[in-house]
Structure formats: structure tokens, C-alpha cells
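A.B. asks: next one to model:
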Amino acid sequence: YLYCVIKERVPKKFNILGQDGEKVYTISEGDLAICVSDTPKEEYSFIKEHLTGHQRVIEEIMKEGYDVLPVRFGTVAKSAQDIREKILRAKRKELLETFPKVEGRVELGLRAFWKDMPAIFQEIVKENKTIQQAKKEAQKNPFQLKIASVGELIQKALEAKRKSEAENILNPLNKLAVDFKERELLRSREPLKDTMILSSAFLVPKSNEKEFDKRVGALIEEYNQRIKFTYIGPIPPFNFIELILHV
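C.D. replies: A predicted model of the protein is given here:
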């Protein structure tokens, strides 16, 4: 079972348990190595235990000071010889060209959620004279069409506010990252539960990590009454690199 590619000349046995409780070790060729564990399986299903096991092993290898190229979850090879021939030799140039993307860098993730949606909707109405006027007209003549029209105006204004608040949060953080990705928001059909503002991944030089932590801490303090943040990392750079290896 394959986890990640690292730069390591000396065969290494990690004190890490991988899938099915098997020990993690390296198969190497020159200065490149793949971190693996033995398995009798040919396929791994997308269940939480397997997915978290895959990520945990790569995180543990990162903690030992290695830069990692994560391999796609569920990649299994038949033999060490296949790994050496079909990956470490055949793809050597490609792997070495990919390494600079992750060397000295980590992935950090940030999610943000509004805490009080009724208050956000009140803000939207207060800030938007068009919505105020549309609400008055709908109250005088409450046809379904007019009510729906007010709902559309509020929805558009909500998206504009979501975008504006996301930009205010992300701008100071993006300056510390070398790459950035917006991930898909978790959306709800119920307006009062549609609280997510952003879900972002940052590729950050290790030299900037403490400053990044500090700025996230400042954002948490600044928006304490308004926004809940979920901050994770450092984690493997899955959002920026994922090796698809056919063995």
C-alpha cells in the first residue's frame, strides 16, 4: 500500500502503523523513496477508517521532517520490484520536477461560518434599500410572486456579503501563502443553516507558518462575536499535489 514519495537514500523503517496495522517502511531507488506498508488487499474502500489511516501516516512522516508528495488514496502495487521499475525509475524525472512545489511548505486549512444567521439577514435588509422597498410592496400586496422576488433579492445580497466577508478574511492570509485554493462550500437549502462563508486551503512556506498562525488568531479574536473558524494544519498538501500512480 503506497502513501507518499519522499527524498531518502537509506532504506528506512518507521515507527508508524499503516493500513491494517502494518508497519510503514520505504522502498528506495537512488535518492527517491516511497513509503509503504504490506497488505494482502488489492483494493481499499472509501470508508473513514481507511481514509484517515492514509492521511495519518503521511502526517506522521511529515513530522519526521520529510517533504512529501502524497499518493492518491487506495494505490496498491504488487511488488517492491514494480514500485522501483514502474514508479521510481520510470517517473523519476516527473517526481523530481514536482518536489519543488512542496519542499519547505505545508498545507493549512481554514473554514469560516456565521454564528447568527438571523442577525446577518437583518443586516442585509438594513443595508439594502431595494430589499426594504420590495418587502413593503410584498406586505401591501402579498402575492406569492412578489414574496419570491424578495427572497431572490435577499439571496443575491447574501451571496455578495458572503463573498465580501471571505475576501476580508482571506486577503491578509493569501500574502503569506505561495498557493491558495477555494474548496466547495457545504451548502444548506435552509437559509438559517446556510452558514458557511469559506473553505480554503493554503500552501504556506514553513518559514511563514508561525506568522500565519498569528494572523488566524487575530481573525478569530476580531470576529469572535460574528464568525466561527475551524483551522487545521499542518497537513499533507492534498489540495495541491496528489500523485496518480498506475502500477
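
A.B. asks: contacts only, for the residue nearest in space to the middle of the chain.
C.D. replies: In the chain, the centroid-proximal residue (Cα atoms, centre = their mean) is Ala201; its distance is 4.6 Å. Taking Cβ atoms under 8 Å, 6 or more residues apart in numbering, we find Ala201 in contact with 107-109, 180-181, 183, 239-240. The way it works is simple: take the backbone N, C-alpha and C, and place the C-beta from them, glycine included.

A.B. asks: make a markdown table out of the residues you listed and add neighbour count and secondary structure.
C.D. replies: Output for the contacts of Ala201, formatted as a markdown table (neighbours: other Cβ atoms under 10 Å; DSSP: H, G, I helix; E, B strand; the rest coil):
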| residue | neighbour count | secondary structure |
| --- | --- | --- |
| Glu107 | 24 | strand |
| Leu108 | 24 | strand |
| Gly109 | 18 | strand |
| Phe180 | 15 | strand |
| Lys181 | 14 | strand |
| Arg183 | 12 | coil |
| Asn239 | 19 | coil |
| Phe240 | 18 | coil |
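
A.B. asks: endpoints of stretch 40-59, how far apart?
C.D. replies: This stretch, stretch 40-59, spans 24 Å end to end (Cα to Cα, to the nearest Å).

A.B. asks: buried residues in that stretch?
C.D. replies: Under the neighbour-count criterion of 16 or more other Cβ atoms under 10 Å, stretch 40-59 has 44, 50, 53-54, 57-58 buried.

A.B. asks: can you tell me what sits against it?
C.D. replies: Counting by Cβ under 8 Å, 6+ apart, 1, 3-4, 16, 18-20, 24, 35, 37, 68, 70, 73-74, 76, 235-236, 238 sit against stretch 40-59.

A.B. asks: before we move on, back to that, tell me the one among the buried residues of stretch 40-59 nearest to Arg215.
C.D. replies: Arg215 lies nearest to Ile58 out of the buried residues of stretch 40-59, by Cβ to Cβ, at 25.8 Å.

A.B. asks: how is that closest one assigned, secondary-structure-wise?
C.D. replies: Following DSSP: H, G, I helix; E, B strand; the rest coil, Ile58 is assigned to helix.

A.B. asks: with that, I have no additional questions.
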